[in-house]
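Undergrad: Sequence and predicted model, in that order:
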Amino acid sequence: RKRIPCCLCKTRKGAIVQCGYGSCRVSWHPLCGAEGGMHMNLEEDDAGDVQYVLRCDKHRPKEEEEEDDTLYCLCQRRYVEGEFMMECEGCTGWFH
C-alpha cells in the first residue's frame, strides 16, 4: 500500500491521521496538525461517549470558524494554537 503524504509537511513517513468528515481524504501527522491549527479535540456526544474528532480546515466545526482578531506580542501577530507564548506579570501582555 502506498503511504499517504501529510498535507502540511508533504512527507510520507510516520503516523498519519485523516479528516473524519464524510469521505474527505485530507491527511496529516498529529504534530503537524497541532502546529498547523487542524481541529483535533476530544468531544463528548449526547450519549456521554467520548471521541477524538479530527477535521481539516475545510470541515472545521462552525463554532471554531470565527477567528480571534486580537494581535499579540511586539510582532503584532494573532495567536496560533499550540504556539508557545508567555504572559508578562507586569503588563499582562502575551509575548512569543
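TA: Good, I have the coordinates. If you're wondering where the values come from, they're calculated on a predicted model, not measured in any experiment. Numbers count the residues shown, from 1 in each chain.

Undergrad: C-alpha from now on. contacts and neighbour counts both.
TA: OK.

Undergrad: Can you pull the phi/psi pair for residue 59?
TA: Backbone torsions for residue 59, taken as degrees, to the nearest 10, come to phi -110, psi 20.

Undergrad: Give me the pLDDT value at the residue lying closest to residue 38 once chain neighbours are set aside.
TA: Leaving aside its sequence neighbours, residue 38 sits nearest to residue 56 (C-alpha to C-alpha, 6 or more residues apart in numbering; 5.5 Å). Reading off the confidence values, residue 56 has pLDDT 90.

Undergrad: so how many other residues sit close to residue 56?
TA: The criterion is other C-alpha atoms under 10 Å. On that basis, residue 56 has 22 neighbouring residues.

Undergrad: how far away is it from residue 3?
TA: 19 Å (C-alpha to C-alpha, to the nearest Å).

Undergrad: before we move on, what about residue 29?
TA: Distance of residue 29 to residue 3, computed by C-alpha to C-alpha: 12 Å.

Undergrad: neighbour count winner among those two?
TA: Neighbours per residue, other C-alpha under 10 Å: of residue 29 and residue 3, the larger number sits with residue 29, 22 against 11.

Undergrad: picking that back up, wait, isn't the residue nearest to residue 38 in contact with residue 34?
TA: No - look at residue 56 against residue 34 with C-alpha atoms under 8 Å: they stay out of range, at 11.3 Å.

Undergrad: Residue 14 touches residue 30, doesn't it?
TA: No - the pair formed by residue 14 and residue 30 falls short of the contact definition of C-alpha under 8 Å, at 9.6 Å.

Undergrad: The two: who's more crowded?
TA: Comparing residue 14 with residue 30 by neighbour count (other C-alpha under 10 Å), the higher total belongs to residue 30, at 18 against 12.

Undergrad: doesn't residue 35 fall inside a helix?
TA: Yes - remark: residue 35 belongs to a helix, assigned using DSSP: H, G, I helix; E, B strand; the rest coil.

Undergrad: Grab the nearest non-local neighbour of it.
TA: Nearest-residue entry for residue 35: residue 82, 5.7 Å, with adjacent residues in sequence omitted and distances by C-alpha to C-alpha, 6+ apart.

Undergrad: All set now, cheers.
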